[in-house]
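# Next input, structure requested:
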Amino acid sequence: MLKTRIHELRMEHNLQQVELAELVGVRRETISALERGKYNPSLRLAMNIADVFQLTVEDIFEFVDEDDDK
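Below you'll find the predicted structure:
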């Protein structure tokens, strides 16, 4: 499972989903799906999001083994 900090980072930077979407060239629905864990981004999209927040991809996205959640 891929966990993200996108929602948290958007709130810290006072960005709406639509604003982040415009900055990285996707639809607002894509950002929403990412935040809900319903969509795994391409490497390019992950890098673009990381660039917006001036962080690394690893700072924003974390792969978590579902067995670890039990």
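# out of everything not next to it in sequence, what's closest to Leu43?
In this structure, Leu43 finds its nearest non-sequential neighbour in Val57, 7.9 Å apart by Cβ to Cβ, 6 or more residues apart in numbering. The C-beta positions use only the backbone N, C-alpha and C, and glycine is treated the same way.
# where exactly do the strands run in this protein?
Secondary structure of the chain (DSSP state E): strands at 2-4, 61-63.
# Include mean neighbour count when you put those strands into CSV, please.
Shown next, in CSV, are the strands of the chain (neighbours: other Cβ atoms under 10 Å):
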stretch, mean neighbour count
strand 2-4, 15
strand 61-63, 13
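# In JSON lines, list the ones you listed along with mean pLDDT and distance to Leu20.
Formatted as JSON lines, these follow (pLDDT from 0 to 100; distance: least, Cβ to Cβ, whole Å):
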{"stretch": "strand 2-4", "mean pLDDT": "91", "distance to Leu20": "12"}
{"stretch": "strand 61-63", "mean pLDDT": "91", "distance to Leu20": "14"}
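# looking at these, which is closest to Ala33?
strand 2-4 (10.6 Å; Cβ to Cβ).
# which helices and strands sit right next to the closest one?
In terms of contacts (3 or more Cβ pairs under 8 Å, 6 or more residues apart in numbering; DSSP states H and E), strand 2-4 is packed against strand 61-63.
# Counting by contacts, list what the longest helix along the chain packs against.
Longest helix in the chain, counting residues (DSSP state H): helix 43-53. With contacts defined as 3+ Cβ pairs under 8 Å, 6+ apart, helix 43-53 has these neighbours: helix 17-24, helix 57-60.
# now the last one: how far from the chain's centre is it?
Yep, that's helix 57-60 we're talking about. Chain-centre distance of helix 57-60: 9 Å, with Cα atoms, centre = their mean, to the nearest Å.
# Provide a list of residue ranges in this structure with pLDDT below threshold.
68-70 (pLDDT under 70).
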